[in-house]
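quick one, structure for this:
(chains A, B, C, D and E, ligands or ions: 4)
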Amino acid sequence: MTDDVILRAEGLVKHYGGGPALPWRRGRGAAVVRAVDGVGLELRRGQALGIVGESGCGKSTLLRLLCALERPTDGRLLFEGEDVARLRGAALKRWRRRVQVVFQDPYASLNPRLRVGEIIGEAFDVHPDVVPRAGRRARIAELLELVGLDARHADRYPHQFSGGQRQRIGIARGLALGPDVLLCDEPVSALDLSVQAQVVNLLLKLRRELGLALVFVSHDLGVVRHVCDDVTVMYLGKVAEQAPVDALYAVPGHPYTEALLSAEPSLDRIRDPHAPRRTRIVLAGDPPSPSAPPPGCRFHTRCPRAQDLCRDTEPLLTVWGQRAGACHFTDAMLAGSVD
Amino acid sequence: MLRFALRRLLIMIPIAVIVTFLVYAMVFALPGDPIRALSGQKPLAESVIAAKRAYYHLNDPLFVQYLHFMGNLLKGDLGQTFDGQDIGEQLALRWPVTLQLGLTALAIQLVLGLVSGVYAGWRRDGLVDRALLGATLGVLAVPGLVAMFFAQSFFAVELSWFPVSGATDGWPGSYLLPATVLGVLGFAGLARVTRTSIAEVASADFVRTARAKGLAPNRILWGHVLRNAMLPVITYIGLDLAGILGGAIITEGIYNLNGIGQFMFRSIAMKEGGVVVTLSTVLLLGYMLVNLVVDLLYGLLDPRVRHV
Amino acid sequence: MNRPMAAEPLLDVRDLSVEFDTRAGRLRAVDFVSWTLHRGRTLVILGESGSGKSVSTQAITGILDSPPGHVTGGQALFDGMDLLTLTERARRGVVGSRISLVFQDALSALNPVHTVGRQIAELYRVHRGTSRSDAMKRAAEMLDRVGIPGARGRVHDYPHQFSGGMRQRVMIAMALALGPEVLIADEPTTALDVTVQAQILELLAEIQADTDMGVVLITHDLAVAAEIADDLVVMYAGRVVESGATADVLGDPQHPYTQGLLQSVPSAERRGQDLPAIPGTPPDLMRLPSGCPFRPRCPHAHDRCVTERPALQPAPGELRFGACHLLDQPLSPEGAAR
Amino acid sequence: SGAGSGDGAGKDDGHSMAIATAAEVPYLNPSNDNGTTGIQIESALWAPLTRVDAKTGKLVNVVADSVTSKDAKTWTIKIKPGWKFTNGEKLTAKSFVDTWNYTAYAPHAFANNGAFQRVEGYEDLNPAKGKPKATTLSGLKVVDDLTFTVTLKGAFSPYPTTLSYLGVAALSAETLKDPDQFKHKPIGYGAYKLDGGWKAGQPVRLMRNKDYAGKDAPQADHITFRFFSNPETAYNEFLAGNVDYVAVPSSKIDSYKTDAPGKWSQAKAAAGINYLNLPVTLKPYTDTRVRRALSLALDRDSLAKLKPGNFPATSFTAPSVDGHRENTCSDCRLDVARAKKLLREAGGFPGKLRLFFASDNPGEQVYAEALGNMWRQKLGLKIQYVGKPGAEIGPLANAGKLDGIRIMGWGHDYPALEDYLTPMFASYGDVNTGRYRDAKVDRMLGEANAQVDQAQATRDYQAIEDRIAEQMPVLPLSHSRDVYLHAEGVEPLNAPFANVDPVRSTFAD
Amino acid sequence: MSDTALATAATAAELEPVGEDSPRGAAVLRELLRKPRFVLSALAILVIALMAAFPRLFTATDPTVCDLKLSKGAPSAAHWFGYDIQGCDYYANVIYGARPSVLVSVSVCVVGFAVACVLGMLAGYFPGFVDSLVSRTADVLFALPGLVAMIVILQAFSSRSVWTIAFVIVLLGWPAGMRLMRSTVLSVRTREYVLASRALGAGAQHILRVHILPNSVAPLLAMTTLTVGAAVGTEAALTFLGIGLQPPTISWGLQIAIAASYRDDVHLFLFPALLLTITVMAFMITGDTVRDALDPKLKR
Ligand SMILES: Nc1ncnc2c1ncn2[C@@H]1O[C@H](COP(=O)(O)OP(=O)(O)OP(=O)(O)O)[C@@H](O)[C@H]1O
Ligand SMILES: Nc1ncnc2c1ncn2[C@@H]1O[C@H](COP(=O)(O)OP(=O)(O)OP(=O)(O)O)[C@@H](O)[C@H]1O
Ligand SMILES: [Mg+2]
Ligand SMILES: [Mg+2]
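Ligands and ions are numbered 1, 2, ... in the order given. Below is the predicted model of the structure:
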């Protein structure tokens, strides 16, 4: 089981150091944004790990740490047991080829001066051994078609595409090198359902056939449920809960997860358009700022279950069989489901 | 940020020392004998030459001369030129002239360069763009000398709008004409760089957002586009500021302004190591300060560029 | 839903067409698109990725990059004006204050070198003449309303310091700042988690209730559409293929594309299996198939679809329209199943 | 009165004028100044012992009452009584002797040290090596308050003429104590004194010196010298009416007549000569035929047109000195056939002819090219132009290191044939950078210098010139007559035997 | 000018034509050829290059046949540009003046651009030691009084040719371009597409070439096209310092500089200045149009 672990994060921390441009500039002085604050993860070969969490809780930052685009303030990242921070030169390059990433902001991550074919083909320029020179064009066309774009679009520039099309370009680039791990930051958020279905199917197929491991950040709980085996729920830079997908959806083990699930827009009205509109549950209180996380449990300010204990004592992530939760009441919440 | 600035300030000291020596050595290596040159066609008596050489330590090896000079400099004694002028007094008299001329020219150049560059880049092939192209070519085609004399004969002699030469009217009267000519001659570079830089930014997506916010084109241009295009522009301005003296040499001559440029020019011709070094050092420090400020401005203008 | 239909439409788009110049020639990204938005109501535009949703809204608000884009026809009537023929100056009085826009790509849509607070405050300063500090204060309020934590501190941050979802909320805050009559939001919640999304949608509903603001929302999230839309417009390959009241369209989709969309929704039962996607790839606008553009992917296509392009025509139901030759024919059993 | 709108010429009393001059002067001290501009200003602040009468070319006394000698070796100089420095000091024989001693003393490094080379004891103050043995010239003796004697090393009949050089004027005792103190506060005894303060780089303002004892005081009451590093700027200032006298710069030589109609004049005197210096010790210049050929191939008329106010030279001295004769140089004409013939006889010109010019002077480059073109086209020579900054070329030449032809000019310090012949052709001549050496010329010079009879001396000098003409160690090119502009009603002194002198202008009313 | 085109075309080269679109370089070229402005300016460059290479194509007159009597003669049918100060045919002289002028200016332009570009990218992309090294060296060079440095360096060469002069101008001139390049690189290096490229495993060299260079080179390009004219001016100035080209070499810079002091004879100044202007204009317009053509967002 453990030898199967391909990517392991241990206590990853990323702080964005504040400090205004000039001493006399107004604003948050030296406030430090604790974007990611001690996150551990395990990703097995062929596994799909979903990451969900409130906007701004550090998911994208975590992904950037996982693909070593940013140096963690603290913590380690191990790939097949090897510390990634130690990789240099050719070894790092080889590693990069195996771990690819799809960025959240599709347009910003595409060089406006390159044509789409060049953007995707860049992977082959960097790793010339992946696809023989002669076969590149065909491979690019193939990748474009895989994500539902026309091969002829290879000659267009990024700005000539719609938002969803750009997102697919990003996915095609992520897949170009045939990585072992694909880190996806909201890969399907801008796609219409039909194209989304195609892309999801593609990812599933790659998983099945090539053992591609996925880290899948998404807000669409339905898609996460469809794609992933396990889910990590993050709140304010920390892991709130980790669990297999079904178990989590069945019985949430953290009040935040509970709130999250309950806020999922219902598809009832699609099935029955005349059903009454559901009243949405909005979490009480303001989300706290990552530069001044509340003491004790970070969720306590908005938690319906919050008690005095939560206000002073930070709950640790405790393992509960297949799952783990960071709430003083996880046991109580799981009491029904975990035998 | 503060540490960054401090570090940069500290590094100026060794660099200044290197430059003083380098410049001193270069002046030393200049061909010609300044003392003999003093006399023009009528040679000085050999004994006088020998006396003068001894006085100025000209017979010592380069390094000893340099140490002499630096020692005096640290004592605040700038010494005398070979033709007997008090260097400190001359600098005190001349700096204000050059600074007034240079800064006025720079201001004119900035206004001209920025305005025309910004509009040319914003509306490529528009009226301003075409006019700028024409003006640039004109400026490049006419040698500075010709332009300056033309301006002098036309605006000062024919029309009597300005004094012909000299700094007796003080600022701005005496400086307006030379500074304008200098500014006009130098604005093309800034305008071209600004134009290109603006053109690079003008098609960015946030410009569209600004339009969707219902902002007037001018506000979009000056408030949003320009700032994003500013990095090369302020770099260029920094270079310009540092290059003021270079442009001032001819101007000061033609408009008979007793500034640093003239002094520098003469000092080079006369191999006045001390003067050249002093001036170069001041310039170096000025240049490095300007660059430091520009580098700090990068961080202010574009938050994605941060030096810490 | 049950509100009375306002007599006067707030924004009436008629036969809008937009074309782009490309190296390979002209392509028509928006083709005779029409829809109507009423006061206090929410119109959701659904559609295929690349079907012209964003371009059509950009064209209406006059911010299409032109060239290469050209509005080649149509009208967009707002308060008695045709937005498409308005002078630049007149449009500035409307767009930004009375009609506002949330862009799809939040990072590139924000000016990277201004703080987000300043970018919001600018609206107050320009359109309302508010003082600098007041404008800043109100910017912070707006950020707070869209749920940015520590809003008062974060007005001084730059876009790149925000997360994807926060940038989107900044865009929303900007759009809502001046209390517009029409809000056009292009996928405003794609990067938001469900709780924040709920919060934002709630906020919109609140404002709508207060001010009768009309909302045009572009989204791919059928659930969101189902929950908040009064009317739906479905686009495919630059055209409107179906429109009508939400309940009607979702309950009884007339166009095979809409039907296919509804089938692609992931659901708990099919976990891990392939989702039923519409077969084939979206058409290239440069070389649309003859007749109906959906034809190559349509399970019901027949001869007429090859030769004749179906026009948008009334369909059964109140104010419903569809663009399919099958509208006047009984659908085949599988197609009609849903 | 003059147009007088120049700097500080605002006072309405009397005549005032502004004079534009070239390079600025660092200080005012005639003993330590040999620049033309400085001397010009100092000539207003001081007065010379003697002066050549501008109209007649004959020597007259100014400060001197008499300069006499029996043997042309020991000279007795009597000065007129009543002269006073502007600080009140009396001008006495002692003033002169002290000043001369001071100037001649090497460690003081005064520019006009060389003016006392001929005086006995000069070597003791200026040893070739080591410290000076004496601080005073043994040849100078104060006889009484107003008389002193000068003993020269050898007989030198033009001596009284050399006293017209301002470099031998006297400084006040106060100045001699610490000359540095008075660099900008000159104390003279001339027709003018400083009006207000003065700092280097700024215009010099002069006002009439009421105590002036001379009889030849110029008319102007106020004179302002304005310095222009660029001559065209000065020209433009004149056109704008801000200065009253300016020399026409070479770039305006085609337009000055239309720019300033009725306000231009040409100098009557041509006080100098432009010539080519040949390295006569190097092959092939050692051959007189080559030198003649080079001279005969030059079209001096065309060349002269390149420089304003120039006219072709036909002899080796300047027209403005007494005893000058035209056409002493028989090869100073264009005769290509003869040039070719001479060159052929001499065996041609092997290799390249190196032509030096001051490259920082555009006019000189043009001139050099014109010369080169003539030799190249008319004689088929190969020319190599060697442009060097003026500051470099002078010292090179002085050190005798020029291996080619150099463009030169020479103007006298005192108006005498001797002041051309000695510096240019004596083996020890100051500007004899071509290292021309002819024992006979040296000897003839010595004899002429010792000739007490002035008329005979002149004939002797002319004989030397004739000998030079046979050898052609230099190629005379042209003399220049300056062209200048003057404000209406202001007439600078312009006479055949003096440089144009705006200080001594006359005013119309 | 075409450096950017080449840099990006290099990556495009591997891509065969897709559909009817041809590879990028060719497409850009085709598009450029459709613009009359580009065609005209490219033609001008060609003509001037020919003039520099084969002056005989343009005139049969020997520029060194001179008659001082004809000095400054006005233009006429037989002598289109009149005579110069030396009385030589000015037309022939101006034609023969092209070579040194073009060689100096173009080599200064190209080499200076390359040096500034490379060093600017290095300084901007590698903050810290590399940046300090490059930037401080630039500071020192910039602070040296150019005149002195040029004299000293040029004196060191035993023979001065067009190349040594170009070398010195570049040596002392690169700091300006370097800083300009560095400034844009500083901002471009933080863009997300650079991050994306790093995630692909791309090395610094690849990123600099493919992403940074094309997105940051425009201002430097604009400045460089201007230096075409400036270099000619500098070359002339050097001559007058006695450290430049020596006669009988002719160059436009020299002709203009000499003519500047004979302002009464306009033709002396007019013709070389005209040719110089045309050259600068050609380079500038070519630079502009190429920049526009390379900007994917600015089509027609
Ligand atoms: N500048 C352009 N040049 C050429 N084609 C363009 C340009 N901009 C957009 N298009 C094309 O126009 C079509 C419509 O784009 P639009 O952005 O409106 O799609 P969309 O419906 O918003 O899609 P998405 O849901 O993916 O955002 C797309 O096919 C796109 O490729
Ligand atoms: N460069 C940066 N400087 C300062 N703060 C940053 C920076 N990048 C991100 N942050 C902050 O870190 C926090 C986490 O950001 P991150 O982008 O990881 O969130 P996220 O979970 O991806 O959110 P979303 O779902 O909205 O994309 C946010 O508060 C954000 O403002
Ligand atoms: Mg994110
Ligand atoms: Mg869109």
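
what sits closest to whatever residue of the stretch 151-300 of chain A ends up closest to ligand 3 if chain neighbours are left out?
The nearest approach of the stretch 151-300 of chain A to ligand 3 comes at A:D185, 5.8 Å away (CB to the ion). No exception for glycine: its C-beta is placed from N, CA and C like everyone else's. Using CB to CB, 6 or more residues apart in numbering or on different chains and skipping the chain neighbours, the partner closest in space to A:D185 is A:Q104 (3.9 Å).

count the neighbours of A:P295 for me.
Counted by other CB atoms under 10 Å in any protein chain shown, the residues lying close to A:P295 total 12.

ok, it to C:I148 distance?
A:P295 sits 22 Å away from C:I148 when distances are taken as CB to CB, to the nearest Å.

relative to D:E345, how far out is the closest residue to D:F85 other than its chain neighbours?
Spatially, and ignoring its direct neighbours in sequence, D:F85 is nearest to D:S172 (4.4 Å; CB to CB, 6+ apart). Per CB to CB, D:S172 is found 63 Å from D:E345.

out of the two, which sits in the busier spot?
Under the neighbour definition other CB under 10 Å, D:S172 and D:E345 were set side by side, and D:S172 has more, 23 against 12.

these two touch, right, that one and D:T92?
No. D:S172 lies out of contact with D:T92 (CB atoms under 8 Å); the separation is 10.8 Å.

check which helix or strand residue 171 maps to.
I'll assume chain A. helix A:163-176 (DSSP states H and E).

same check on B:Q90?
Going by DSSP H and E, B:Q90 is part of helix B:87-122.

what is the helix or strand just after that helix packed up against?
Following helix B:87-122 in sequence order, the next helix or strand is helix B:127-141 (DSSP H and E). Packing contacts for helix B:127-141, counted by 3 or more CB pairs under 8 Å, 6 or more residues apart in numbering or on different chains; DSSP states H and E, involve helix B:87-122, helix B:173-202, helix E:218-240, helix E:266-294.

list the buried residues of helix B:127-141.
B:V128, B:D129, B:L132, B:L133, B:A135, B:T136, B:L137, B:V139, B:L140, B:A141 (16 or more other CB atoms under 10 Å in any protein chain shown).

residues in contact with that helix?
Among residues not part of helix B:127-141, those counted as contacts by CB atoms under 8 Å, 6 or more residues apart in numbering or on different chains are B:116-117, B:119-121, B:123, B:147, B:184-185, B:187-188, B:191-192, B:195, E:226, E:229-230, E:273-274, E:276-277, E:280-281, E:284-285.

contacts only, for the closest residue in space to E:S197 that isn't next to it in sequence.
Nearest residue to E:S197 in three dimensions, chain neighbours excluded: E:I207, at 5.2 Å (CB to CB, 6+ apart). Neighbour list for E:I207: E:Y125, E:V194, E:S197, E:R198 [criterion: CB under 8 Å, 6+ apart].

the residue of chain B most remote from its centre: what's it in contact with?
When distances to the mean C-alpha position of chain B are computed (CA atoms, centre = their mean), the maximum falls on B:A212, with 42.3 Å. By CB under 8 Å, 6+ apart, the contact set of B:A212 is C:T61, C:I63, C:V95, C:G96, C:S100, C:L101, C:F103.

quick one: B:D295 and E:R182, what's the gap?
Look at B:D295 and E:R182: by CB to CB, they are 9 Å apart.

what helix or strand does the closest residue in space to D:A72 that isn't next to it in sequence sit in?
Nearest residue to D:A72 in three dimensions, chain neighbours excluded: D:A155, at 4.1 Å (CB to CB, 6+ apart). Using DSSP H and E, D:A155 maps to neither a helix nor a strand.

D:A155 touches D:T74, doesn't it?
No. D:A155 lies out of contact with D:T74 (CB under 8 Å); the separation is 9.5 Å.

next one, pLDDT for E:K297 please.
E:K297 carries a pLDDT value of 67.

show me where the stretch 101-250 of chain C has strands.
C:182-186, C:214-218, C:231-236, C:239-245 (DSSP state E, counting those that start in this stretch).

closest one to chain D among these?
Minimum separation from chain D across the strands of the stretch 101-250 of chain C (CB to the nearest CB) falls at strand C:182-186, 65.8 Å.

picking up where we left off before, tilt between the helix holding B:Q90 and helix B:173-202?
In terms of direction (axes from the mean of the first three to the mean of the last three CA atoms, to 10 degrees), helix B:87-122 departs from helix B:173-202 by 40 degrees.

buried ones in helix B:87-122, by neighbour count?
B:87, B:90-91, B:93-94, B:97-102, B:104-106, B:108-110, B:112-122.

list the helices and strands that helix packs on?
When contacts are defined as 3+ CB pairs under 8 Å, 6+ apart, helix B:87-122 sits against helix B:127-141, helix B:173-202, helix B:230-242, helix B:244-254, helix B:260-269, helix B:273-301.

for the chain, what's the longest helix?
Using chain A here. Counting by DSSP state H, the longest helix found in chain A is helix A:193-210.

my bad, the chain I had in mind was chain E
Longest helix in chain E, counting by DSSP H: helix E:90-125.

so it versus helix E:266-294, what angle?
Interaxial angle of helix E:90-125 relative to helix E:266-294 (the same axes, to 10 degrees): 40 degrees.

does helix E:90-125 reach chain A?
No. Judged by CB under 8 Å from any CB of the partner chain, helix E:90-125 stays clear of chain A, getting no closer than 15.3 Å.

next, the angle from that helix to helix B:230-242.
Using the same axes, to 10 degrees: helix E:90-125 against helix B:230-242 is 120 degrees.

check which helices and strands helix E:90-125 sits against.
Counting contacts by 3+ CB pairs under 8 Å, 6+ apart, helix E:90-125 packs against helix E:3-12, helix E:36-53, helix E:129-143, helix E:162-188, helix E:213-216, helix E:218-240, helix E:252-260, helix E:266-294.

columns mean pLDDT on top of the ones you listed, output as a markdown table?
Output for the helices and strands packed on helix E:90-125, formatted as a markdown table (pLDDT from 0 to 100):
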| stretch | mean pLDDT |
| --- | --- |
| helix E:3-12 | 37 |
| helix E:36-53 | 86 |
| helix E:129-143 | 86 |
| helix E:162-188 | 88 |
| helix E:213-216 | 87 |
| helix E:218-240 | 81 |
| helix E:252-260 | 79 |
| helix E:266-294 | 81 |
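
between the ones you listed, which gets nearest to ligand 3?
Here helix E:162-188 is closest among the helices and strands packed on helix E:90-125 (CB to the ion), at 22.4 Å.

which strands and helices lie in contact with the closest one?
Using 3+ CB pairs under 8 Å, 6+ apart: helix E:162-188 touches helix B:230-242, helix B:273-301, helix E:90-125, helix E:129-143, helix E:146-156, helix E:213-216, helix E:218-240.

in it, which residues are buried?
In helix E:162-188, the ones that count as buried by 16+ other CB under 10 Å are E:162, E:164-188.

next SSE downstream of that helix?
In the C-terminal direction from helix E:162-188 (assignment by DSSP H and E), the next one is helix E:192-199.
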